[in-house]
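**Student:** What shape does this take:
(one chain, ligands or ions: 1)
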Amino acid sequence: MKVHHAEIVISAVSPEQYPKTQIPEIALAGRSNVGKSSFINTLIDRKGLARTSSKPGKTQTLNFYLIEESLHFVDVPGYGYAKVSKTERAKWGQMIETYLTEREQLKAVVSVIDMRHDPTVDDIQMYEFLKYYQIPVIVVATKADKIPRGKWNKHESAIKKKLNFDPEDDFIVFSSETRMGKEQAWEAIEAYLG
Ligand code: GDP
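**Tutor:** Alright, predicted model coming up:
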């Protein structure tokens, strides 16, 4: 998709604020600092629309970005942020779970993980959660530029094994630095827009 227009429409703190349109939504999940904002900005060719923040996970809102009047990217703030209280985390988890399991407009979730390392417990739980609820998932392994090309296969296999990856899902080797994987990511997303 060639993006000419992208804007944030709402940072929602509660479901009443979610857009009341039928525009299809693609949610983006990942731990703080994994490169989720950079992924969004790379896909829409903007430097700073999605916030690449130095205080990861601080604002616990669902951010809806309208793309080309035809799709919403929904940025789900990074999980695994240590500095929120248990109560906050639980409340937050509930809001995300409800969104992911009940939102009719949601077509697929992009799960952004760091290609350099094994997936975290949170990454694995998120993947299992999405599989359990049969929510289509696109795994984006980002920061590939930080690994020598000759090691990509090894990292990909290790991640897939840890995730118990379903071969029917998309797995995209990605880098916001080099923009590799951008077209493949768009193809995977567009396939879910119907
Ligand atoms: P978020 O918290 O998941 O939204 O993460 P950000 O997009 O803010 O990225 C966190 C840090 O990782 C920033 O310093 C980015 O510049 C860096 N980063 C993100 N994606 C990549 C990538 O593909 N390659 C490299 N080398 N750095 C990246």
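
**Student:** Against which helices or strands is the lowest-mean-pLDDT helix or strand in the chain packed?
**Tutor:** Scoring the helices and strands of the chain by mean pLDDT, DSSP states H and E places helix 86-102 at the bottom, with a mean of 83. For helix 86-102, the packing partners by 3 or more Cβ pairs under 8 Å, 6 or more residues apart in numbering; DSSP states H and E come out as strand 62-67, strand 106-114, helix 121-132. C-beta coordinates here come from the backbone N, C-alpha and C atoms, glycine included.

**Student:** which of these sits most buried?
**Tutor:** Most buried of those, by mean neighbour count (mean count of other Cβ atoms under 10 Å): strand 106-114, with a mean of 24.

**Student:** At which residues are the helices of this protein located?
**Tutor:** Secondary structure of the chain by DSSP state H: the helices cover 36-43, 86-102, 121-132, 152-163, 182-191.

**Student:** related to what we said a few turns ago, so can I have TSV of the helices and strands packed on helix 86-102 showing distance to residue 35 and mean pLDDT?
**Tutor:** Shown next, in TSV, are these (distance: least, Cβ to Cβ, whole Å; pLDDT from 0 to 100):
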stretch	distance to residue 35	mean pLDDT
strand 62-67	16	94
strand 106-114	6	98
helix 121-132	13	93
